[in-house]
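Colleague: Structural data only, the sequence is not supplied:
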């Protein structure tokens, strides 16, 4: 057998990485719960009909499909041969694949709401933190298996939901001690801009071009708009709009001057103003209006959000917005909503890069009992069990062995305290405690051990 | 679009189920950490070579394979047509599928250890709690996606590891308040039995038959042994062996009388005795020797465990044992180990059936602020944010609405406390607090709210 490998674009997570990832997950989960969101978990695989056609043609190609079992069934040979011929011509059929892996958390959520809307209490506030799979070309920071982490509120058009989500974002990053800016814009403002320069049919062209501003700069955006058949006069209007700068208040004023005469524009500005007005004096929201924020070609219809780390250069670490109808694709009407998501892999990179992971997030053993022979280790094992009953984590070395080997094990596993019971300690009902970092060593009565360690661990 | 459905054998988990499942996962995880096990997470998909051929012919069929992308590539038409023809004849090739979904946690663990053994500290103690996928026929209690939950110690032959795992089992079920019996046996004892009645080549036949004893009874086991070409005299010996009864001490004595003259038998008995001797006076292990325990046809070579709930009729809720070489299949020798696993779905059913889930495991909102208009809700929102800063979870109703509608929302979501700020409360800087269960209602100053709620919630 060859040396085994991992599939491209996938990762094993070892203990130290898991402790850090769980710190992020637990922090986000805590905030989700503080804001009244309920957890939901959906299966890794969905029916292929549920997923296909939801992410555009490119998305369809990137969905991992699961091969049906029993394709060698002789009774079905003709049928399956035919199906294989269709696959060769680019058409997957249910004879070949009936299931596929989750591609995001939004479509499974929509499927869940459509299936259960009669039983749910609305507005339905759910969060979901699960892996998704995409057959994207793997590259630095882009994986074929990665976690998404979403919170959505559906069944309500109230802007209070946007306010809640802005505060939720701020709360999470405050808990993570990570300074961020929450960029905010409104699709209605972009629609008004389209109207301003010639009509709603330009909206997609404008959105696609604006969305690239960050990456390609204003000159290239102008070129793209030209290629998309916008006139020089229209491009001029757009460029002027994109140059709106200043404080939030100044931007609001500029928007008023530019698009407030268009009903959609007026509405978009009022929505921005409503959200900006709901600040907390002690924890002001790090909101920044960004009229160039477009959030790709997705289904957003109102407020859009994007979160950037202030002190670390990386793409957005969160994003979201309001959509008109979550469940329309599954035959259930009237399900407006708004949602946000957290980019866990990037948040991890930022926390690592800014050295923001707290030192005490490991859940490894606090103590290692040395094993110095059968009788000694029996006593050690009893003491260890007493510690575990009191929620102190620990281990006993698996076999009698030289001291330096046992020390090395503690060192390599980062166990801070070793406890030695040799023949002398056994005879005297004592134990010797050594702290690896400081080298500090002391001998105490065995019956004092629990107390001694409780104090020591708190002080570490 | 038709009403969406879930793939057969898969489940959505809603909030109340997730709270209960997390109670189980968190309890097991806590114990794993107390015993010094480190977490590991592996990807959902593995290379197809890593999985195929590891679970027998039947297992190979039940592995979910992932269809390669790009099968309609015209440049590869001949190659892929050929591959499809092979599939029709029962032979999957890498042109069609290069990856498959995890079928258990043991093989990915073995693959991980084989890939990283140079960097790991041995004995390596890892735990893993992740879903696995099997294309089994779905039926009551059997799913195509389910969690496994394993702890293993590899790189050591010390029996102290078995002792640790027995205590870990006992610890978890003690934390869950679930009375269990840990059945224990040793493959060496079964090997000695085979020797006793005619030779090691009978071992598999005997193990397969004995493994069915629970389900089919002794007479059917005898029939099966007869079909497997064992003589009447041999069957007599086996039946007598299987009838060994009594206390652990009496069983040990009976084993001594029966197989202690066979070296493997003697070793197996000594191993049982070693584990039985490592009891704690305050928390005796619920160990019960069961000489009929066989644990199927797997790779176990020494101690085997199986856990049964004492007061609820269901199959085993845990199992495990010692194996000789985890990583042999991946080209790495000398990796003996021992592991246990927890059957989370069954443990869930038992806790539910015995009403053992603690009442306070929900993480839903503690308070709901009513929304009685824009000014009132602004004040309510401010107060809510203060509570959330102090880790009290809550919500504000999303829009101004009739009282009974807002009460109904709180009721349906199980929110125990509602807080009402109407025009009167707004004018007087007070708020009215109502406990839904008791109907108790009181009005207090807004500045007293945090203190009042902190005390109230502790008392709920």
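Modeller: Alright, I've got the coordinates. The structure displayed is predicted, hence computed values, not measured ones. Numbers count the residues shown, from 1 in each chain, chains lettered A, B, ... in the order given.

Colleague: In chain A, what helix or strand scores lowest on average pLDDT?
Modeller: For chain A, the helix or strand with the lowest mean confidence is helix A:203-211, at a mean of 89 (criterion: mean pLDDT, DSSP states H and E).

Colleague: For that helix, give me every contacting residue.
Modeller: Helix A:203-211 is contacted from outside by A:190-191, A:193-194, A:197, A:221, A:224-225, A:228-230, A:238, A:242, A:292, A:294-297, using CB atoms under 8 Å, 6 or more residues apart in numbering or on different chains. (C-beta placed from N, C-alpha, C; glycine too.)

Colleague: What residues of that helix count as buried?
Modeller: Neighbour-count burial for helix A:203-211 flags A:203, A:205-211 (criterion: 16 or more other CB atoms under 10 Å in any protein chain shown).

Colleague: next one: stretch A:358-378
Modeller: Across stretch A:358-378, burial judged by 16+ other CB under 10 Å covers A:362-372, A:376-377.

Colleague: How far off centre is the least confident helix or strand of chain A?
Modeller: 26 Å (CA atoms, centre = their mean, to the nearest Å).

Colleague: next SSE after it?
Modeller: Using DSSP states H and E, the next helix or strand after helix A:203-211 towards the C-terminus is helix A:213-227.

Colleague: ok so, going back, next, format the buried residues of helix A:203-211 as TSV and append distance to residue B:339.
Modeller: Below are the buried residues of helix A:203-211 laid out as TSV (distance: CB to CB, whole Å):
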residue	distance to residue B:339
A:203	58
A:205	59
A:206	59
A:207	54
A:208	53
A:209	57
A:210	55
A:211	50
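
Colleague: wait, which of those is closest to residue B:174?
Modeller: residue A:211 (56.4 Å; CB to CB).

Colleague: ok, the residue of the stretch 301-450 of chain A found nearest chain B to residue B:282 distance?
Modeller: Here the residue of the stretch 301-450 of chain A nearest chain B is residue A:395; by CB to the nearest CB that distance is 3.6 Å. Distance of residue A:395 to residue B:282, given as CB to CB, to the nearest Å: 20 Å.

Colleague: Which one of the two is surrounded by more residues?
Modeller: Counted by other CB atoms under 10 Å in any protein chain shown, residue A:395 and residue B:282 do not tie: residue A:395 has more neighbours, with 24 against 9.

Colleague: circling back: secondary structure element for the residue of the stretch 301-450 of chain A closest to chain B, which one?
Modeller: Per DSSP H and E, residue A:395 falls inside strand A:394-396.

Colleague: what separates that strand from the chain centre, distance-wise?
Modeller: With CA atoms, centre = their mean, you get 34 Å for strand A:394-396.

Colleague: Which strands and helices lie in contact with it?
Modeller: Packing contacts for strand A:394-396, counted by 3 or more CB pairs under 8 Å, 6 or more residues apart in numbering or on different chains; DSSP states H and E, involve strand A:367-369, helix A:374-389.

Colleague: can I see the domain layout of chain A?
Modeller: A:15-45+A:103-353, A:367-459 (automatic domain parsing).

Colleague: of all those, which lies closest to residue B:247?
Modeller: Comparing those by CB to CB, domain A:367-459 comes nearest, at 22.7 Å.

Colleague: Span of that closest one from start to end?
Modeller: 14 Å (CA to CA, to the nearest Å).

Colleague: Okay, now the unreliable bits of the stretch 151-300 of chain A?
Modeller: Applying pLDDT under 70 to the stretch 151-300 of chain A picks out residues A:297.

Colleague: Those residues of it touching chain B, which are they?
Modeller: A:153, A:156, A:158, A:160-161, A:163-164, A:167, A:171, A:278, A:280, A:282-283 (CB under 8 Å from any CB of the partner chain).

Colleague: Weed out the non-buried ones from those residues.
Modeller: Applying 16+ other CB under 10 Å to these flags A:153, A:156, A:158, A:160-161, A:163-164, A:167, A:171, A:278 as buried.

Colleague: will you turn those residues into TSV that also has distance to residue A:130?
Modeller: Shown next, in TSV, are these (distance: CB to CB, whole Å):
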residue	distance to residue A:130
A:153	19
A:156	24
A:158	28
A:160	27
A:161	23
A:163	27
A:164	22
A:167	24
A:171	22
A:278	31
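
Colleague: Filter those down to just the ones in strands.
Modeller: Among those, the residues falling in strands (DSSP state E) are residue A:153.

Colleague: Looking at the buried ones among the residues of the stretch 151-300 of chain A next to chain B, which is nearest residue A:424?
Modeller: Nearest member of these to residue A:424, counting by CB to CB, is residue A:171, at 55.1 Å.

Colleague: ok, now which ones touch the closest one?
Modeller: So residue A:171 contacts A:31, A:34-35, B:388 (CB under 8 Å, 6+ apart).

Colleague: Now the closest residue in space to residue A:113 that isn't next to it in sequence, what are its backbone angles?
Modeller: Distances taken as CB to CB, 6 or more residues apart in numbering or on different chains put residue A:327 closest to residue A:113, at 5.3 Å, once the chain neighbours are dropped. Per-residue torsions, residue A:327: phi -110, psi 10 (degrees, to the nearest 10).

Colleague: contacting residues around residue A:159?
Modeller: Residue A:159 makes contact with A:271, A:274-275, A:303, according to CB under 8 Å, 6+ apart.

Colleague: Out of those residues, grab the one that's most surrounded.
Modeller: Highest neighbour count within the contacts of residue A:159, by other CB under 10 Å: residue A:303, with 26 neighbours.

Colleague: in a strand, that's where it is, yeah?
Modeller: Yes: counting by DSSP: H, G, I helix; E, B strand; the rest coil, residue A:303 falls inside a strand.

Colleague: Surely it touches residue A:183?
Modeller: No: the criterion here is CB atoms under 8 Å, and residue A:303 misses it with residue A:183 at 11.2 Å.

Colleague: Tell me how far residue A:256 lies from residue A:262.
Modeller: Taken as CB to CB, the span from residue A:256 to residue A:262 is 11 Å.

Colleague: Neighbour count: those two, which is higher?
Modeller: residue A:262 (18 against 14).

Colleague: Contacts only, for that one.
Modeller: With CB under 8 Å, 6+ apart, residue A:262 has these contacts: A:192, A:195-196.

Colleague: coming back round to it: ok, now how distant is the residue nearest to residue A:113 from residue B:203?
Modeller: Residue A:327 sits 58 Å away from residue B:203, going by CB to CB.

Colleague: now the closest residue to residue A:177 other than its chain neighbours: how far from residue B:157?
Modeller: Spatial nearest neighbour of residue A:177, excluding adjacent residues (CB to CB, 6+ apart): residue A:356 at 5.6 Å. Residue A:356 is 43 Å from residue B:157, where distance means CB to CB.

Colleague: Just the buried residues of stretch A:209-225, please?
Modeller: A:209-211, A:213, A:221-222, A:224-225.

Colleague: do stretch A:310-321 as well
Modeller: A:312, A:316-321.

Colleague: What are the boundaries of the helices in the stretch 51-200 of chain A?
Modeller: A:56-62, A:77-88, A:106-116, A:160-175, A:187-196 (DSSP state H, counting those that start in this stretch).

Colleague: mind putting these in JSON lines, distance to residue B:61 included?
Modeller: Conversion of the helices of the stretch 51-200 of chain A to JSON lines gives the following (distance: least, CB to CB, whole Å):
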{"stretch": "helix A:56-62", "distance to residue B:61": "28"}
{"stretch": "helix A:77-88", "distance to residue B:61": "16"}
{"stretch": "helix A:106-116", "distance to residue B:61": "27"}
{"stretch": "helix A:160-175", "distance to residue B:61": "45"}
{"stretch": "helix A:187-196", "distance to residue B:61": "49"}
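
Colleague: and residue B:59, which of those helices is closest to it?
Modeller: Proximity to residue B:59 (CB to CB) singles out helix A:77-88 among these, at 22.7 Å.

Colleague: could you say what helices and strands that closest one packs with?
Modeller: Identification of packing neighbours for helix A:77-88 by 3+ CB pairs under 8 Å, 6+ apart yields helix B:77-88.
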